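J.: using only what follows, build the 3D model:
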Amino acid sequence: MGVTLLDGGVATQLANHVDITDVEKDDPLWCARFLVTNKEAIKNSHRDYVRAGSNIIETCTYQASIPGFMKYLNLNLEESVQLIQEAVTLARQAIKEERQINPTIGNVLVAGSCGSYGAYLHDGSEYRGDFMGKVSLDTIVSYHEQKLRALVDAGVDLIAFETIPTQAEAEALAELLKKFPNIKAWISFSVKDESHLSSGDDFVTAANSVWCKNPDQIIAIGVNCVNPNFVTPLISPIVEKIPTLCIRIMVNSGMT
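T.: Predicted coordinates for the structure are as follows:
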């Protein structure tokens, strides 16, 4: 099995270009705030990863959302969509500018980063999953669909669903993806131990269920922001169960 090199946490690298103290403290938009306040820092962070050899870079949209932009930036619907799409433009510009300096840089894909609905809530529930049952599944799906449509229309190469804490949300995302038949995606879970999602759902069961719901579009399943000691016991069973599946691991890194 080959290895595809992804970028790391956008926030981690952003700290080398701009002071992220304020957004780390209590900003409901987290690093998506810089899509307004410091676009150059975002682009330069992307450039760092392209220069380092990443095959895929992710947009700075993990905690970006249309309702979040409307609420916290006082933007209208159209402006909010445009801001999410500008994140894709920044990633493309970063690749182009690095390639002008180093023409040997190969094909670099842009993945649209989509965090859990819990990330939008800005209460840490992407690491618990306790928003399920408090919010209807229709509401969660509608939230994701708005953002997904904006990213797909902006021309991302694939979608990165990240830090998903529950089987139900992951299954809903696999189904939602069918509305965008020309796009591929990976789904990356948040976990609490060697065998369970943050919500307590069984990891292997969730991974297999998500894969079975949409094997044509789900190109990888994995974990992110995870204790390194959990990786082997988490991943080994699904490699045995679904041998053709790509595995995505992001160990102890920030999120985008």
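
J.: any regions of this protein where pLDDT drops low?
T.: 1, 242-256 (pLDDT under 70).

J.: go again using 50 as the cut-off
T.: 251-256 (pLDDT under 50).

J.: residues contacting residue 113?
T.: 10, 58, 59, 60, 61, 62, 160, 162, 255, 256 (CB atoms under 8 Å, 6 or more residues apart in numbering). For glycine as for every other residue, the C-beta is placed from the backbone atoms N, C-alpha and C.

J.: now residue 210
T.: Residue 210 touches 167, 170, 171, 173, 174, 187, 218, 221, counting by CB under 8 Å, 6+ apart.

J.: give me the subset of those residues lying in strands.
T.: Counting by DSSP state E, these place 187, 218, 221 in strands.

J.: mind listing what's buried in stretch 203-218?
T.: 203, 204, 206, 207, 208, 209, 210, 211, 213, 214, 217, 218 (16 or more other CB atoms under 10 Å).

J.: for the protein, just list every one of the strands.
T.: 56-58, 109-115, 158-164, 184-189, 218-226, 246-251.

J.: can I get those in JSON lines with distance to residue 135?
T.: JSON lines is the format used below for the strands of the chain (distance: least, CB to CB, whole Å):
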{"stretch": "strand 56-58", "distance to residue 135": "25"}
{"stretch": "strand 109-115", "distance to residue 135": "15"}
{"stretch": "strand 158-164", "distance to residue 135": "15"}
{"stretch": "strand 184-189", "distance to residue 135": "19"}
{"stretch": "strand 218-226", "distance to residue 135": "22"}
{"stretch": "strand 246-251", "distance to residue 135": "26"}
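
J.: so which of the ones you listed comes closest to residue 37?
T.: Checking these against residue 37 by CB to CB gives strand 109-115 as the closest, at 18.5 Å.

J.: partner strands of that closest one and their direction?
T.: Strand 109-115 has its sheet partners listed here by DSSP bridges as strand 56-58 (parallel), strand 158-164 (parallel).

J.: just give me the residue closest to the centre of the chain.
T.: residue 113 (3.2 Å; CA atoms, centre = their mean).

J.: just to revisit the earlier point, out of the strands of the chain, which gets nearest to residue 77?
T.: Once those are compared by CB to CB, strand 109-115 is nearest, at 18.2 Å.

J.: nearest to residue 132, of the strands of the chain?
T.: strand 158-164 (10.9 Å).

J.: so what angle separates the directions of that closest one and strand 184-189?
T.: Calculated by axes from the mean of the first three to the mean of the last three CA atoms, to 10 degrees, strand 158-164 forms an angle of 10 degrees with strand 184-189.

J.: just to revisit the earlier point, and the contacts of residue 210, which of them are buried?
T.: 167, 170, 171, 173, 174, 187, 218, 221.

J.: would you list these in TSV and tack on distance to residue 75?
T.: Output for these, formatted as TSV (distance: CB to CB, whole Å):
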residue	distance to residue 75
167	33
170	29
171	31
173	25
174	30
187	28
218	32
221	34
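
J.: and the residues you listed, which is closest to residue 15?
T.: residue 187 (27.2 Å).

J.: any idea which helix is longest in this structure?
T.: helix 77-101 (DSSP state H).

J.: list the buried residues for it?
T.: For helix 77-101, by 16+ other CB under 10 Å, it's 80-81, 83-92, 94-95, 98.
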